[in-house]
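Engineer: sequence unknown, structure follows:
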């Protein structure tokens, strides 16, 4: 039997595809109609990058494990991960995990990583569409006592001991090298995710998704989910609907002249 | 812990079902029932007109936080300069500190930043903790986190705020994890609940479609990051007294600040302003621009307005302009004073990244483009006519009509 030497964990999340969220102007409440759950877009790049790293080593010694914490239906997304080349998946699902903030989420993920026997590299998306915090990665890394490098836009070098990351900041790229184990988050321009192969799809279809609950992770109920969270949502509301638009009409010359005046009033020229 | 619906008062009106983003509420026999999809987000609780929904069984520890006092701001440095967001937060922190009747402090970490950090006194700072050392010459997560933890553990502020810059958003979660406290990302509003003396942290989620107010429970400090440009920086008259005695120089044991990160190099794109979040004016192009060479007219217009060029995902994915320019859900969130959208239809993912701009001008051929729903000024027209003519108008200074 071959010994697996390098484990790469990809943390992914299923999120509501937000395109259909609308505001009911009469009741000023949010209306969701037929929103599909999708893999968080940044996480698709994380999965792809993990599979690419496996292919770079190309020695049969790398295992890519995708994990997610979420309701039972998140298992579908894990099947998609299998179909694009992930070797193994774990669904962390338990009512006790619900309502978790980033702190409690990072705890659950850390316990799952421990349970699989640790890993050399953790890859996450830069942030999720729904929570939008980007905090789980650095909190997870801190809990595990490993470096975290955010916003990776390419991985120029990786060996079993070290990783070199080119990361995107607001106004520059920074190139870092750190020892493994480490955790990273990826941005969109790191790769273009592949479409599932037919073989991958067949493999995914026949796959049983292992489900780990709080008990299996040996997690106390008050360290996961809302009970284990330091932050709590106390109110949700919709932003005020903005201003009325002023349409600038007339011939192109008239429109541009009017626009010029508006820019002058705004003091940008 | 469970979410419970009071069957006596529930009318089955189904408003809670409509607001639920997770398909977790069903109406069964005229009463709301919560199913296993529930993530305890709390959206339904607030929306219920009959106060019929509550989360019960949540353990509230009675902790004594009386040794935590004051508001503390992290002044992020970029080289030897303090980033503007730091001063914005000092102005905001001043208001919070006054509401609580406590001290406003700030911590600055870096190399040769003393002079720039002291500017914070003009924005109403009471006390500055300065960690100035050659070990902090580059912004690196692990040693900066350690430095912040050192200050926070010693001075125990009840509130700690930092900029939601790209550095702040990876640094501060590490700090929160070390201190074992809550952190709310990317806040756009901060208030004090006067009765409970707690910080109400409001932030957009779901791409800005909804706002959530969050509190930190069972832990201190209450930590939040705040987006740049959201809070207004405001100089207030400084007293003539010298501020020198209000600066506390923190001694650094340099041997304890050895980073695990090896920073090999820093690259900037030539002739490109990548930091689009830093500009007051953004001229953005979308699918309608039609090619990389055609972005040059947008660059020219941006230059005339002392702004920078942004782009929609469509333009970036087509390879016309690089990813750091992308505005929207999978790009950057911007809130400039003026955002000019040229040939951008306004997919919700794009709107999520720019709809908080002060003024939005949209130019698009299609009068039904969603971008007009968030714009303050709209022109239905061809960007290839409007933009060059506007450039000419600005350069010539002569009226067109």
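Structural biologist: The structure has been received and is ready for your questions. These figures come from a predicted structure and were not determined experimentally. Residues are numbered from 1 along each chain as shown, chains lettered A, B, ... in the order given.
Engineer: And the helices in the stretch 101-250 of chain A, which stretches?
Structural biologist: For the stretch 101-250 of chain A, the helices identified by DSSP state H, counting those that start in this stretch occupy A:102-115, A:136-144, A:198-205, in order along the chain.
Engineer: In a markdown table: those helices, plus distance to chain B, mean neighbour count and mean pLDDT.
Structural biologist: All C-beta spots, glycine's among them, are computed from the backbone N, C-alpha and C. Compiled in a markdown table, those are given as follows (distance: least, Cβ to the nearest Cβ, whole Å; neighbours: other Cβ atoms under 10 Å in any protein chain shown; pLDDT from 0 to 100):
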| stretch | distance to chain B | mean neighbour count | mean pLDDT |
| --- | --- | --- | --- |
| helix A:102-115 | 7 | 23 | 97 |
| helix A:136-144 | 4 | 26 | 97 |
| helix A:198-205 | 23 | 14 | 94 |
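Engineer: Those: which one's closest to residue B:268?
Structural biologist: Shortest distance between residue B:268 and the helices of the stretch 101-250 of chain A, using Cβ to Cβ, is found for helix A:136-144: 24.6 Å.
Engineer: that older thread, what about the helices of the stretch 101-250 of chain A, which gets the closest to residue B:87?
Structural biologist: Between these, helix A:136-144 lies closest to residue B:87; by Cβ to Cβ that is 25.0 Å.
Engineer: Which elements pack onto that closest one?
Structural biologist: Counting contacts by 3 or more Cβ pairs under 8 Å, 6 or more residues apart in numbering or on different chains; DSSP states H and E, helix A:136-144 packs against strand A:6-12, helix A:102-115, strand A:121-125, strand A:148-158, strand A:182-186, helix B:168-179.
Engineer: where along the stretch 1-150 of chain A do the strands fall?
Structural biologist: When secondary structure is read from DSSP state E, counting those that start in this stretch, the stretch 1-150 of chain A shows strands at A:6-12, A:14-16, A:22-24, A:29-31, A:37-39, A:62-69, A:88-92, A:121-125, A:148-158.
Engineer: and of the ones you listed, who's closest to chain B?
Structural biologist: Closest to chain B of the strands of the stretch 1-150 of chain A is strand A:148-158 (Cβ to the nearest Cβ; 4.2 Å).
Engineer: Give me the residues contacting that closest one.
Structural biologist: Contacts made with strand A:148-158 from outside it, assessed by Cβ atoms under 8 Å, 6 or more residues apart in numbering or on different chains, are listed as A:49, A:53, A:56, A:121, A:126, A:134, A:137-138, A:140-142, A:163-169, A:173, A:175-178, A:182-187, A:189-190, B:141, B:166, B:169-170, B:174, B:261, B:323.
Engineer: Sort out which of these are buried, if you could.
Structural biologist: Buried members of these, scored by 16 or more other Cβ atoms under 10 Å in any protein chain shown, are A:49, A:53, A:121, A:126, A:134, A:137-138, A:140-142, A:163-169, A:173, A:175-176, A:178, A:182-187, A:189-190, B:141, B:166, B:169-170, B:174, B:261, B:323.
Engineer: Break chain B into its domains for me.
Structural biologist: Using automatic domain parsing, the domain ranges for chain B come out as B:2-56, B:71-256, B:276-396.
Engineer: rank those domains by pLDDT, which is bottom?
Structural biologist: If the domains of chain B are sorted by mean pLDDT, domain B:2-56 sits at the bottom with a mean of 87.
Engineer: now what about stretch B:377-395, what contacts it?
Structural biologist: Counting by Cβ under 8 Å, 6+ apart, stretch B:377-395 makes contact with A:245-248, A:252-253, A:255-257, A:259-260, A:262-263, A:269, B:285, B:288-289, B:294, B:297-298, B:300-301, B:304, B:342-343, B:359-367, B:372, B:400, all of which sit outside it.
Engineer: Tell me which residues of it come out buried.
Structural biologist: Counting neighbours by 16+ other Cβ under 10 Å, one finds that the buried residues in stretch B:377-395 are B:377-381, B:383-384, B:386-387, B:389-391, B:393-394.
Engineer: if we can go back for a sec, any chance of the domains of chain B in CSV, with distance to residue A:116 too?
Structural biologist: What follows is the domains of chain B, written out as CSV (distance: least, Cβ to Cβ, whole Å):
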stretch, distance to residue A:116
domain B:2-56, 25
domain B:71-256, 21
domain B:276-396, 29
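Engineer: Quick check: pLDDT value at the closest residue to chain A within the stretch 201-350 of chain B.
Structural biologist: Using Cβ to the nearest Cβ, the single residue of the stretch 201-350 of chain B nearest to chain A is residue B:275, 3.2 Å away. Each residue has a pLDDT score; the one for residue B:275 is 86.
Engineer: so who does it touch?
Structural biologist: With contacts defined as Cβ under 8 Å, 6+ apart, residue B:275 is in contact with A:170-171, B:308.
Engineer: Quick one: end-to-end distance for stretch B:339-353.
Structural biologist: Using Cα to Cα, to the nearest Å, the gap from the first to the last residue of stretch B:339-353 comes to 11 Å.
Engineer: How is the residue of the stretch 1-150 of chain B found nearest chain A assigned, secondary-structure-wise?
Structural biologist: For the stretch 1-150 of chain B, the residue closest to chain A is residue B:40, as judged by Cβ to the nearest Cβ, at 2.9 Å. When classified by DSSP: H, G, I helix; E, B strand; the rest coil, residue B:40 comes out as coil.
Engineer: residues contacting residue A:251?
Structural biologist: Taking Cβ under 8 Å, 6+ apart, one finds residue B:401 in contact with residue A:251.
Engineer: make it 6 Å
Structural biologist: Taking Cβ atoms under 6 Å, 6 or more residues apart in numbering or on different chains as the criterion, residue A:251 is in contact with no other residue.
Engineer: Those residues of the stretch 51-200 of chain A touching chain B, which are they?
Structural biologist: The stretch 51-200 of chain A has residues A:71, A:98-99, A:130, A:132-135, A:138-139, A:142, A:147, A:150, A:169-178, A:188-189 near chain B, with proximity defined as Cβ under 6 Å from any Cβ of the partner chain.
Engineer: just for the stretch 1-150 of chain A, where's the confidence low?
Structural biologist: A:1-4, A:18-35 (pLDDT under 70).
Engineer: and the gap between the residue in it that chain B sits nearest to and residue B:23?
Structural biologist: Among the residues of the stretch 1-150 of chain A, residue A:99 lies closest to chain B, at 2.9 Å counting by Cβ to the nearest Cβ. Applying Cβ to Cβ, to the nearest Å, the value for residue A:99 to residue B:23 is 16 Å.
Engineer: Check residue B:108 too.
Structural biologist: Going from residue B:108 to residue B:23 by Cβ to Cβ gives 47 Å.
Engineer: and if you look at residue B:221?
Structural biologist: Taken as Cβ to Cβ, the spacing of residue B:221 relative to residue B:23 amounts to 36 Å.
Engineer: Looking at the two, which has the bigger crowd around it?
Structural biologist: Looking at residue B:221 and residue B:23 with other Cβ atoms under 10 Å in any protein chain shown, you find the greater number of neighbours at residue B:221, namely 26 against 17.
Engineer: got the phi/psi numbers for that one?
Structural biologist: Summarising the backbone geometry of residue B:221 under the convention degrees, to the nearest 10, its torsions are phi -70, psi 170.
Engineer: repeat for the one 3 residues further on
Structural biologist: Note on residue B:224: backbone dihedrals following degrees, to the nearest 10 are phi -150, psi 150.
Engineer: Just to check, it is in contact with residue B:201?
Structural biologist: Yes. Applying Cβ atoms under 6 Å as the test, residue B:224 and residue B:201 come out as touching, 4.8 Å apart.
Engineer: anything in contact with each of those two?
Structural biologist: With the criterion set as Cβ under 6 Å, 6+ apart, the overlap between the contacts of residue B:224 and residue B:201 is B:184, B:187.
Engineer: and residue B:233, helix, strand or coil?
Structural biologist: When the structure is split into helix, strand and coil by three-state DSSP, residue B:233 lands in coil.
Engineer: Quick check: it touching residue B:89?
Structural biologist: No. Between residue B:233 and residue B:89 there is no contact, the gap being 8.5 Å when judged by Cβ under 6 Å.
Engineer: residues contacting residue B:9?
Structural biologist: Shown here is residue B:9, whose contacts under the criterion Cβ under 6 Å, 6+ apart are B:50, B:52.
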